[in-house]
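> Based on what follows, work out the 3D shape:
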Amino acid sequence: MRTKEDVLKILDRRVVVCDTTLRDGEQTAGIVFANIEKYKIAQMLDDAGVPQIEAGIPAMGGDEKTAVKHIAHMGLDASILGWNRADVHDVNDSIDCDVDAVAVSMSSSDIHIKNKIKKTRQWVLDKVSESVQHAADHGLYISCNAEDASRADLGFLIEFARTAKEAGAKRLRYCDTIGREDPFTAFERIKTIISLVGIDIEMHTHDDFGMANANTLAGVKAGAKFVSTTVMGIGERSGNTALEEIVMTCRHLLNMETGVDPAKLRPLAEFVSVASGRPIYASKPFLGANCFAHEAGIHTDGIIKDHKNYEPYDPEEVGLKRAIVIGKHSGRSTLISDLGKRGIELDDDTAQLLLNNVRKASIAMKRALTSDELFSLYDNLIKNIELFDH
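Sure thing, here's the model as predicted:
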C-alpha cells in the first residue's frame, strides 16, 4: 500500500481533482453502478489523469466494500480514497480495503448538530479528533469533511478545521451540502480559513442553485487546492460540480492546469451516461452535441471567417466537431459556403431567394435541413419549380 508521502507526491499539483463519481455520483436517486462498471469508471478516470478517486463507502459492507478493495488493488496511478463517517469503526472498514487515503466526515453546522445528530459542538470536535487521529496512526492521508460547511458558523468552522489539522488531517473538505452557497461568500470564507488555519481546502459543492462550478472556482481563486467532482455533474438532487466543467474552466478561465486530459472527458462521460442511465443533453458544456453547432446568420458568418469569433475553445480539445446548421435562422453565408463545397457558386440574388425557401422549409418541417435538402431546394429554385404555397 502507498504511504502518506507517496500520496502527497501524487497530489502535488496546483489544482487537484478528487473525483467522487463512484461515491457521491452513485448517491443520485435511481443510479446504481454494477461493480464491473465501477472498475471501468475507475480505470477511465485514472487514464484521464485524475489524481484521486473517491471509490465508495467501505462501511456499507457487501458489494460496496468489495468494489473499494478491488479498485485499491487495480494498480492505478491515482490515490484511492474511502469515505467514512467520523467513527473509528468506519475508518477500520476503509483500512480493511487497503485504500491509501480516507475522508472523515462530520456535520459542522448548528442546523445539523442540533437537528440531525442531536449532539453538541464539543462532541463533534471530539469525534473529529478521535477518528482523524485513528486514521493518522495507520499512516493514511486524511481529508476531514466539514459537512454543511456553507451554513456553519465561521468561528466554529475554523475551530473544526484546527481540530482536524492537529489530529493529522492534511485537508479540509468544505462541503456546500445543500448547494446554497454563493461565489462571493465562498471566496471570503475559504480565504479566511486558509489564512487562519493554514490547511489545504477542498471544494465540494452541489448545484441546487446552479452555482456548483462557480462556487468551486471561487474557492480555487481564494486559494483552495482541491476540487471534488463527478462526471457529468451527477449527484444528489441537482448534482455536483462537473468534472469536465472544472477541468476546462480552470484551464481556460483561470490558466490553471489540473493534469486531466480534456480529450478523455467525452469517452468517460459516454460510459457513465450509459451506466447511470442519464443522457448527455445536447447543450451540456464540453460534452453536448450542440456545443459547436451554429445556425444564426451573424454567428455562422463569423465562424466561417474565423472560428475564434464565436467559439471559446477548439472543439478538437474535447473531441467534438463543429457543425454549421442550415435552418430558419441561417444567413446567406451558410448557404454559399455549403453549396460551395459542391462546386456551386451563388450570386447574392440567388442566395437570398434560396434563403427565403430555406426558412419556409425549416418552419414547415420544424427542424434544421440537411446539406442534401439544401441542394434539393437549390435545384428546384434553378428549375423554377415552386414548392411553397403563397
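> use CA for all of it now, contacts and neighbours both
Fine.
> Quick check: phi and psi on the residue positioned nearest the centre of the chain?
Centroid-nearest residue in the chain: Ala242, 1.3 Å away (criterion: C-alpha atoms, centre = their mean). In terms of degrees, to the nearest 10, the main-chain angles of Ala242 are phi -80, psi 130.
> Is it in contact with Val231, as I believe?
Yes: applying C-alpha atoms under 8 Å as the test, Ala242 and Val231 come out as touching, 5.7 Å apart.
> Show me how the record splits this protein into domains.
Using automatic domain parsing, the domain parsing of the chain gives 4-276, 293-382.
> Export those domains as JSON lines, with columns for mean pLDDT.
Below are the domains of the chain laid out as JSON lines (pLDDT from 0 to 100):
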{"stretch": "domain 4-276", "mean pLDDT": "97"}
{"stretch": "domain 293-382", "mean pLDDT": "86"}
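> right, and those domains - which one's nearest Asp389?
Closest to Asp389 of the domains of the chain, according to C-alpha to C-alpha: domain 293-382, at 10.0 Å.
> First residue to last residue on the closest one, what's the distance there?
29 Å (C-alpha to C-alpha, to the nearest Å).
> quick revisit: ok, how many other residues are close to the nearest residue to the residue nearest to the centre of the chain once chain neighbours are set aside?
Leaving out its chain neighbours, the residue that sits closest to Ala242 by C-alpha to C-alpha, 6 or more residues apart in numbering is Gly233, at 3.8 Å. Neighbours of Gly233 under the rule other C-alpha atoms under 10 Å: 24.
> mind listing what Gly233 touches?
Contact partners of Gly233, counting by C-alpha atoms under 8 Å, 6 or more residues apart in numbering, are Gly25, Gly239, Asn240, Thr241, Ala242, Leu243.
> Let me have these in a markdown table, adding distance to Gly327 and secondary structure as columns.
Shown next, in a markdown table, are the contacts of Gly233 (distance: C-alpha to C-alpha, whole Å; DSSP: H, G, I helix; E, B strand; the rest coil):
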| residue | distance to Gly327 | secondary structure |
| --- | --- | --- |
| Gly25 | 38 | helix |
| Gly239 | 34 | coil |
| Asn240 | 35 | strand |
| Thr241 | 34 | coil |
| Ala242 | 32 | strand |
| Leu243 | 33 | helix |
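> Most neighbours among those, please name it.
Among the contacts of Gly233, the one with the most neighbours (other C-alpha under 10 Å) is Asn240, at 32 neighbours.
> That one against Ala212, yeah?
Yes: with contacts counted by C-alpha under 8 Å, Asn240 reaches Ala212, the gap being 6.3 Å.
> Could you pull out the strands in this structure for me?
Using DSSP state E, the strands found in the chain span residues 16-19, 52-56, 79-85, 101-107, 141-147, 171-176, 200-205, 226-229, 293-294, 323-324.
> could you measure Asn92 against His70, distance?
Asn92 is 17 Å from His70, by C-alpha to C-alpha.
> Out of the domains of the chain, the one nearest Leu287 is which?
Of all the domains of the chain, domain 4-276 comes closest under C-alpha to C-alpha, at 5.9 Å.
> Pull the distance from that closest one to the chain's centre.
With C-alpha atoms, centre = their mean, to the nearest Å as the basis, domain 4-276 stands 13 Å off its chain's centre.
> ok, back up a step: next, show the common contact partners of Asn240 and Ala212.
Residues touching both Asn240 and Ala212 (C-alpha under 8 Å, 6+ apart): Thr205, His206.
> just the strands of the chain: most buried one?
Ranked by mean neighbour count, the strands of the chain are led by strand 226-229 with a mean of 29 (mean count of other C-alpha atoms under 10 Å).
> what pairs with that one, and is each one parallel or antiparallel?
Sheet pairing of strand 226-229 (DSSP bridges) gives strand 16-19 (parallel), strand 200-205 (parallel).
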